[in-house]
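**Q** need a structure here:
(one chain, ligands or ions: 1)
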Amino acid sequence: YPHSLRNIDELCASIVRSHRETNQYRVEELQALRWKLFSREELQAYQSKSVDEMWQHCAIRLTDAVQYVVEFAKHIPGFRMLSQNDQIALLKTGSMEVVLVRMSRFFNTENNTVFFDGKFAGAEIFKSLACGDLITAVFDFAHDMCGLKLTEQQIALFSALVLINADRPCLEDRGRVQRVQRSVELGLTHILHRDNQDNLMHKLYQRMAVLRSLCSLHMEKLRWFSQRYPLTAHSLFPPLYKELFA
Ligand SMILES: COc1ccc2c(n1)CCN(C(C)=O)[C@H]2C(=O)Nc1ccc(OCc2ccccc2OC)cc1
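**A** As a prediction, this is how the structure comes out:
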């Protein structure tokens, strides 16, 4: 059993364990809710919220998910050896991407609904955010990810690779991030080979490019929102959301 392979197995096992331990919700738990939809009255209540109210509402919920991704990152072997600044730089650009990867597990492709506030909601519920293109892209991405039918282990390794990306801007020690990234890449190829799904690798790299454009759209919308509602963005958003995305 070559020494490196044993390490690769340990690396995969620790990333999968960390993924499992840092999920706010278990897939089985939310699958039971898949057909719990909002009533017309509840839908109208969301749609009559003001833009800043709905943005704040979503930012607070998404920040919960981001916190779990920060915990996940801390347990990726090698992440904590990076400098504080590099850890923050990777989380700034990667945490929302991992939230969107994880979110796809709570998406019902049969009625195009996503878990939100305890039930499953269609895109129309987010109308008052005034960023239909972002929501459409989020839903399309979730739908597409469901189509890949990734296992929890594959999602764990893919999420780690999304986070540990040496091409991110403003990294101090790119070489060090590259070494951690390469070990995670080895882990992902290792489990895809074990699952007889080597062909998934290039599809996952394609999805990483989609994630990058989706998250830059999120940042663009957030910049637009912060200019229009500076008070809400600066004093009513969760600090972590501001720290990472604003
Ligand atoms: C890790 O996977 C999940 C899956 C679902 C949820 C969570 N975690 C956390 C807990 N949660 C709760 C409590 O509702 C769910 C949630 O936040 N759902 C949700 C929130 C906002 C949505 O679109 C708006 C939007 C999208 C992208 C960027 C900015 C946005 O708006 C400003 C869509 C769905």
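**Q** ramachandran angles for Leu37?
**A** phi -110, psi 160 (degrees, to the nearest 10).
**Q** can you pull the contacts of it?
**A** 111, 113, 119-122 (C-beta atoms under 8 Å, 6 or more residues apart in numbering). All C-beta atoms are positioned from the backbone trio N, CA, C, and that covers glycine.
**Q** identify the bridge partners of it.
**A** Listed by DSSP bridges, the beta-bridge partners for Leu37 are Phe120.
**Q** any idea how far Gln44 is from it?
**A** Applying C-beta to C-beta, to the nearest Å, the value for Leu37 to Gln44 is 14 Å.
**Q** does Met201 touch Thr189 like I think?
**A** Yes: using C-beta atoms under 8 Å, Met201 is in contact with Thr189, at 6.2 Å.
**Q** turn the contacts of Leu37 into a markdown table, including distance to Arg182 and pLDDT.
**A** Shown next, in a markdown table, are the contacts of Leu37 (distance: C-beta to C-beta, whole Å; pLDDT from 0 to 100):
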| residue | distance to Arg182 | pLDDT |
| --- | --- | --- |
| Asn111 | 41 | 96 |
| Thr113 | 38 | 98 |
| Lys119 | 42 | 97 |
| Phe120 | 38 | 97 |
| Ala121 | 39 | 98 |
| Gly122 | 41 | 98 |
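**Q** could you identify the most distant pair in these?
**A** Asn111 and Lys119 (11.8 Å; C-beta to C-beta).
**Q** for the protein, which residues are neighbours of the ligand?
**A** Within the chain, the positions adjacent to the ligand are 24, 55, 58-59, 61-62, 64-65, 99, 102-103, 106, 114-117, 126, 129, 135, 138, 218 by C-beta under 6 Å from any ligand atom.
**Q** quick one: residues contacting Val27.
**A** 105-106, 152.
**Q** now, which of those sits nearest the ligand?
**A** Taking C-beta to the nearest ligand atom as the measure, the ligand lies nearest Phe106 of the contacts of Val27, at 4.3 Å.
**Q** okay, now the unreliable bits of the protein?
**A** 1-6 (pLDDT under 70).
**Q** what are the ranges of the helices in it?
**A** Taking DSSP state H, the helices of the chain run over residues 3-21, 27-31, 40-47, 51-74, 84-103, 132-148, 152-163, 174-194, 200-228, 230-231, 239-245.
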